[in-house]
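**Student:** What follows is a predicted structure for the sequence shown.
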Amino acid sequence: MTTTEVLVTVPDRGAADLLVQLLAEHDISAEIQRVPGNPYLGMLTADAWEVRVASEDLQAAQAVTKSTESDSATEDEQPSDSPRAPSLITLLGLSIVVPLPVGMLHAQYLRLGFLLLGVAVPCGIVGIVQRNESLFAIALIAKLLDTVVSPWLLVRTRRRLGVHIAGDGWKGIGLSLLFATLSCAALAWWNQQREELKQEPIIIQELDRQLRNIQQSVQAGTLLKPSYQFPKTALGRIATATLDYNHRYIEQTQQMNDSYYKLEPALGALVTSGAGKESLEQFVRDAEKLRLLAERLESEKEWDELCDALHADEEKTQSTKAFVDGLQRGHTGPTSSVPKAREIAGKIALSAAHLKDAATILLHWQQVTPYELHEGHISFPAAQPTETEQDKYGELLRNAANLANEIEQLRAEVGQLTRMKGQ
C-alpha cells in the first residue's frame with residue numbers, strides 16, 4: 001500500500017479541488033481528506049481539507065505548488081499605477097483654461113514640457129512686472145508652441161502605451177491645426193494692439209493740435225473744417241468722432257448766435273416798417289427754426305451721439321478707456337463752459353419762442369385789426385384788439401428783453417471760464 005503525505009491544508013473545499021486539478025495536469029495523483037478545523041481561527045466552515053499525495057510525489061507536488069504561488073505573487077506585484085493614456089479632451093481644456101504651457105506635460109513629454117514651462121513662467125512674470133514687451137512675447141510664443149505641438153505628441157504617447165482608437169491620429173492633427181489657426185489669429189490681434197499702442201501718443205498729440213486750430217480759427221472769425229485723417233484704430237476713431245463733434249458743436253453754436261442777434265432787432269424793424277403778411281410769416285418760421293436749434297444744443301443731442309461712438313471703442317485698450325473717461329470728466333467738470341453754454345441755448349430757445357408768439361400776434365393784428373405806428377407806439381385806427389392781446393404782446397417783448405440781459409451775463413461768464421482754462 002502506497003503511503004501518502006500531506007501537501008497542504010486549506011479551509012475551503014473549492015481551493016482543494018483546484019489544487020488537485022493542477023497536480024493532475026502535472027501527472028501527480030492527489031486525494032482530499034476532510035479533517036476538523038481550528039476553532040480559534042476565523043473560518044467559513046468548521047472543517048478543513050488536506051490535499052495528500054504519494055510520498056514519492058511529494059517533492060514534485062511541492063514544486064508545482066511553489067511555482068503556482070510565484071506566478072500569483074508576480075501578478076500581484078505588477079504596478080497598478082502604470083502610466084495612464086492622456087486624453088485629448090483634457091488637453092483641450094488645459095490649453096484653453098491654463099495660461100501656462102502644460103500641454104506637453106499632460107502628453108507625458110516631461111523634458112520638453114518642463115523646458116517650455118521654465119521659459120514661460122519667469123519671462124511672463126518679469127515681462128508683466130517690468131512691462132518688457134520682448135520677455136512677454138517669449139512667454140506667449142512658448143504657450144502657443146506648446147498648444148500647437150502637444151496634440152500631436154499626445155497621440156504618439158497613446159500609441160506607445162498601446163491605446164489604439166480609430167481616428168486618434170486625425171483628431172490630433174485636427175486639434176493641432178485648430179490651435180495653430182487660433183494662435184495665428186491671436187498673434188495678429190496682439191500685433192495690431194501693439195501697433196495701436198505705438199500710435200496712440202501721436203493720435204492724442206495730433207488731436208490736441210487740431211482742436212487748438214479750430215479754436216484759433218473761431219477767434220479769427222472763421223471756422224476751418226478738419227482735414228486730418230486719423231488712423232483706423234480704436235483711438236483714431238474716437239479722435240475722429242471727437243473732432244467732428246467739436247466742429248459741429250461750434251458751427252451750430254455760431255449759427256444759433258448769428259440767428260439770435262439777427263432775430264431780436266428784426267421784430268422791431270418789422271413793426272416800424274409796417275411789414276406785410278409774408279414778412280411776418282417768414283419771421284415766425286425763422287424764430288421757430290432758431291428755437292429748435294437752441295433746444296437741440298441745450299439737450300446736448302450732439303454730445304449723446306458722440307458718447308455712442310465713444311462707447312463702441314472705449315474698452316479696446318487702456319489708453320482709449322482713459323481718454324474717454326478724461327473727455328467725459330472735462331465735459332462736465334468745474335472748469336467746463338458746457339453747463340453755461342447749455343443755459344445760454346435754453347434762454348435763446350425761450351426768447352425765440354417769445355418773439356415768435358409776439359410776431360404771431362402782430363400777424364393777427366395785421367390781418368384782423370390793422371395797426372399804425374405813431375411816435376413809437378402802435379395805434380389802431382379801426383377795430384381795437386382786446387386788452388388781453390395787447391397785454392400778452394407787451395409781456396412777450398418784456399420777457400424777450402429780460403432774456404437778452406441774462407444771455408449777455410452768461411456770455412461774460414463763459415468768457416471768463418474760457419480765459420481761465422486757457423491760462
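**Tutor:** Nice, thanks for sending it over. Residues are numbered from 1 along each chain as shown.

**Student:** When you work out contacts or count neighbours from here on, use the C-alpha atoms and nothing else.
**Tutor:** Noted.

**Student:** what about the closest residue to Tyr249 other than its chain neighbours, neighbour count?
**Tutor:** Once flanking residues are discounted, Tyr249 sits nearest to Glu302: 7.2 Å by CA to CA, 6 or more residues apart in numbering. Residues within reach of Glu302, counting by other CA atoms under 10 Å, total 15.

**Student:** residues in contact with Glu302?
**Tutor:** Tyr245, Tyr249, Arg296 (CA atoms under 8 Å, 6 or more residues apart in numbering).

**Student:** Same question for Ala358.
**Tutor:** If you count contacts by CA under 8 Å, 6+ apart, then Ala358 has Tyr393, Leu396, Leu397 around it.

**Student:** Return the member of these nearest to Met104.
**Tutor:** The closest of these to Met104 turns out to be Leu396 (CA to CA; 84.5 Å).

**Student:** Surely the closest one is in contact with Ala353?
**Tutor:** No - if you go by CA atoms under 8 Å, Leu396 and Ala353 don't touch, sitting 9.1 Å apart.

**Student:** if we can go back for a sec, just put the contacts of Ala358 in a markdown table and tack on secondary structure, neighbour count and pLDDT.
**Tutor:** As requested, the contacts of Ala358 are exported to a markdown table (DSSP: H, G, I helix; E, B strand; the rest coil; neighbours: other CA atoms under 10 Å; pLDDT from 0 to 100):
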| residue | secondary structure | neighbour count | pLDDT |
| --- | --- | --- | --- |
| Tyr393 | helix | 19 | 86 |
| Leu396 | helix | 20 | 91 |
| Leu397 | helix | 19 | 87 |
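
**Student:** Closest one of the residues you listed to Pro36?
**Tutor:** Nearest member of these to Pro36, counting by CA to CA, is Leu396, at 129.2 Å.

**Student:** Nearest residue to that closest one in space, please, no chain neighbours.
**Tutor:** His354 (5.3 Å).

**Student:** before we move on, what about Thr9?
**Tutor:** Nearest one to Thr9, counting by CA to CA, 6+ apart, is Glu50 at 4.4 Å.

**Student:** So in that sheet, which strands flank the one helix or strand the one you found maps to, and in what orientation?
**Tutor:** Using DSSP states H and E, Glu50 falls within strand 47-54. Strand pairing for strand 47-54, determined by DSSP bridges: strand 4-10 (antiparallel), strand 30-36 (antiparallel).

**Student:** Mind checking the pLDDT average for it?
**Tutor:** Averaged across strand 47-54, pLDDT comes to 80.

**Student:** which residues touch it?
**Tutor:** 2-13, 16, 19-20, 28-38, 61.

**Student:** residues touching Ala353, list them.
**Tutor:** Ala287, Glu288, Arg291.

**Student:** again, 10 Å this time
**Tutor:** Neighbouring residues of Ala353 by CA atoms under 10 Å, 6 or more residues apart in numbering: Val284, Ala287, Glu288, Lys289, Leu290, Arg291, Leu292, Lys347, Ala359, Leu396, Ala400.

**Student:** What is the neighbour count of the third one?
**Tutor:** Right, Glu288. 18.

**Student:** so it touches Lys356, yeah?
**Tutor:** Yes - between Glu288 and Lys356 there is a contact under CA atoms under 10 Å: 6.8 Å.

**Student:** Tell me the residues that contact both of those two, please.
**Tutor:** Common neighbours of Glu288 and Lys356 (CA under 10 Å, 6+ apart) do not exist.

**Student:** Show me which of the contacts of strand 47-54 are buried.
**Tutor:** 4, 6-7, 9-11, 13, 16, 19-20, 28, 30, 32, 37, 61 (16 or more other CA atoms under 10 Å).

**Student:** Which of the residues you listed scores worst on pLDDT?
**Tutor:** Pick the lowest pLDDT in the buried ones among the contacts of strand 47-54 and you get Gly37, at 60.

**Student:** Against Leu267, how distant is Leu355?
**Tutor:** Relative to Leu267, Leu355 is positioned 8 Å away (CA to CA, to the nearest Å).

**Student:** Then Glu288?
**Tutor:** 14 Å.

**Student:** now Leu94
**Tutor:** 79 Å.

**Student:** which of the two has more neighbours?
**Tutor:** When Leu94 and Leu267 are compared for neighbours, Leu267 comes out ahead with 22 against 17, by other CA under 10 Å.

**Student:** pretty sure that one is touching Asp286, no?
**Tutor:** No - here Leu267 does not reach Asp286: they are 11.2 Å apart, not a contact under CA under 10 Å.

**Student:** buried stuff in the strand holding Glu50?
**Tutor:** Asp47, Ala48, Trp49, Glu50, Val51, Arg52, Val53, Ala54.

**Student:** any low-confidence regions in the stretch 251-400 of the chain?
**Tutor:** Applying pLDDT under 70 to the stretch 251-400 of the chain flags residues 272-275, 313-319, 373-377, 379, 381-382.
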